[in-house]
Structures are given as structure tokens and as C-alpha cells.
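Student: Build me a structure from this.
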Amino acid sequence: MTGEELVAFAKSKLGVPYVYGMKGEVMTLAKYNQLKSMYGDLVWNSDKNKVGKVCCDCSGLISWATGIVRNSQGYHDTALEVQPISTISKAPIGAAVWQKGHIGIYIGNGEYIAEDGSAYGCRKNKLSKASFTHWLRLKDIDYTVKQEVDEVVEQAKLIVNGKEYTVERILKDGTNYIKIRDIADVLGYEVTSKGSIAVLTKR
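Tutor: Sure thing, here's the model as predicted:
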């Protein structure tokens, strides 16, 4: 999973309720009782009202996306890079933002998405309003930036009304483009420009 895909996943989960210990599944009453007995006050009494809903916690949001379960400390300890939050401008999209006991996902523009606790659920928020201390380059995420494919210009044949013409075809990012001047020549038009507008006049 790429950093961009992790961010897209997180955006698709905005509004999902938070319950400590949940990893993106439907919470049953039995599960609530189990979590309450395991974690005590970390699971709020009011979380019982979320029975029957898909719920998640902060580390669970990333685990849900990747299928690899880690807690927030586990993400910190296995990170390929741990940097102070003051250097967040150098972080790739989809880096984790972390403080002891909590983790979120950096989405750019000084914002993050996280399961931010029982009172908030999964939300988008500004880093300036949070208390994260570090950002992490996660082991489970591919942060390689895909290079744009250079455009390829080649000769191509264009057949109009049974007549064959040679034109220059530009292939870029999987899309074919033919130069306006070549199309105009085929159709018997002159081309002039007015700013960004191409004007075709019959010869």
C-alpha cells in the first residue's frame, strides 16, 4: 500500500466511531464486554451505545488498511524513520504522526486523520491542534514517489474518409494526443492562435 492509498483509505473511514481495542469490525455486546474487562476505563461506558457499528481505534485504522496488526508503540518501534514533528514538512504523504499512546496519518497541508478517541471518532484535524511529538516512515507503507512517464512522440497514420495521412502522435501517461496542426492539415484548415485558443480557418 502506498502513502497516497493509506490517506485515501483513512478519508473513506471519516466518521467511524472510536472504541479502544477495535480494529475495524462490527462491535458486538460480547466484544464490548470483553474489551471493557480487558482495558477498563480506556473503554468508555458510553461506548456500549456503539454496539452494532463498525468501530476502530487509532492504531487499528492503519492495521485495518494494511492487514498487519500493530499497536501505536509497535508502529514506532518498527518504523524505518522516526523524526521530530517539527520537521513534518519533510514527511511524505501517508507518514504516521505519533505520540506515546496515540497515532494518526499525515495527509499534507498540516493536517492529519486519526481515530481521535471516543468523543471524536475518525476525524480530520490540524496538527497544530494536536500533541503529536514525532512523524514516522512506516515499515508497512511504500512511500516511493511514482515518476511521471515521459511523453513519447512517434509517427502514426490517420485515415480520414479512406485517405491516409501521416501525423505525429504523442503518447503520455497512457493517453494518445495528436497535434492540432496535424489535424488541421488533414482537414484542410489553417491554424492560428489567440492566446491559448487555436483558431481553425478553412483554406
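
Student: In this structure, where is pLDDT below threshold?
Tutor: Low-confidence regions of the chain, defined by pLDDT under 70, span residues 146-152, 173-174, 195-196.

Student: how about the helices of it, start to end?
Tutor: 3-12, 29-39, 58-66, 72-78, 180-187 (DSSP state H).

Student: Out of these, the one nearest Arg203 is which?
Tutor: Proximity to Arg203, assessed across the helices of the chain by CB to CB, is greatest for helix 180-187 (9.2 Å). Backbone N, C-alpha and C define where each C-beta goes, glycine included.

Student: which stretches of the chain form strands?
Tutor: Ranges of strands within the chain are 23-26, 54-56, 81-84, 96-99, 102-108, 111-115, 122-126, 134-137, 152-160, 163-172, 175-178, 189-194, 197-202, based on DSSP state E.

Student: hmm, back to that, of the helices of the chain, flag the one that's most buried.
Tutor: Of the helices of the chain, the one with the most neighbours on average (mean count of other CB atoms under 10 Å) is helix 58-66, at a mean of 23.

Student: Strand 122-126 and that helix, what's the angle between them?
Tutor: Per axes from the mean of the first three to the mean of the last three CA atoms, to 10 degrees, the angle that helix 58-66 makes with strand 122-126 is 110 degrees.

Student: I'd like to know which elements helix 58-66 is packed against.
Tutor: helix 3-12, strand 23-26, helix 72-78, strand 102-108, strand 111-115 (3 or more CB pairs under 8 Å, 6 or more residues apart in numbering; DSSP states H and E).

Student: Distance of the residue lying closest to Leu138 once chain neighbours are set aside relative to Glu168?
Tutor: Take Leu138 and drop its neighbours on the chain: the residue closest to it by CB to CB, 6 or more residues apart in numbering is Ala96, 5.4 Å away. Using CB to CB, to the nearest Å, Ala96 is found at 47 Å from Glu168.
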